[in-house]
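1. Provide a 3D model corresponding to the input given below.
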Amino acid sequence: MFRWAIIFAVIALVASLLGFGGVAGLSKQFAVILLVVAAILAIIGFFSRGRH
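-> Coordinates of the predicted model:
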């Protein structure tokens with residue numbers, strides 16, 4: 001998931017440099033959503049491993 005967040009962040013950066021504001025904004029939103037979901041899953045996985 002972190003890989004996809006980084007990919008979308010790079011797409012957003014390249015799109016903004018080329019002047020594609022809509023694509024850049026959408027890619028940034030996807031990157032943020034994926035980063036938050038990945039962080040939540042990583043935290044849940046970290047705490048669930050300690051219980052077994």
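
2. Could you list the low-pLDDT ranges of this structure?
-> 51-52 (pLDDT under 70).

3. elements contacting the longest helix anywhere in it?
-> Ordering each helix of the chain by length in residues (DSSP state H) puts helix 21-50 first. With contacts taken as 3 or more CB pairs under 8 Å, 6 or more residues apart in numbering; DSSP states H and E, helix 21-50 sits against helix 2-18. The way it works is simple: take the backbone N, C-alpha and C, and place the C-beta from them, glycine included.

4. ok, and what's touching stretch 8-15?
-> Defining contact as CB atoms under 8 Å, 6 or more residues apart in numbering, one finds that stretch 8-15 is touched by 21, 23-25, 27-28, 30-31, 34.

5. could you redo the last one with a cut-off of 7 Å?
-> Stretch 8-15 is contacted by residues 23-24, 27-28, 30-31, 34 when judged by CB atoms under 7 Å, 6 or more residues apart in numbering.
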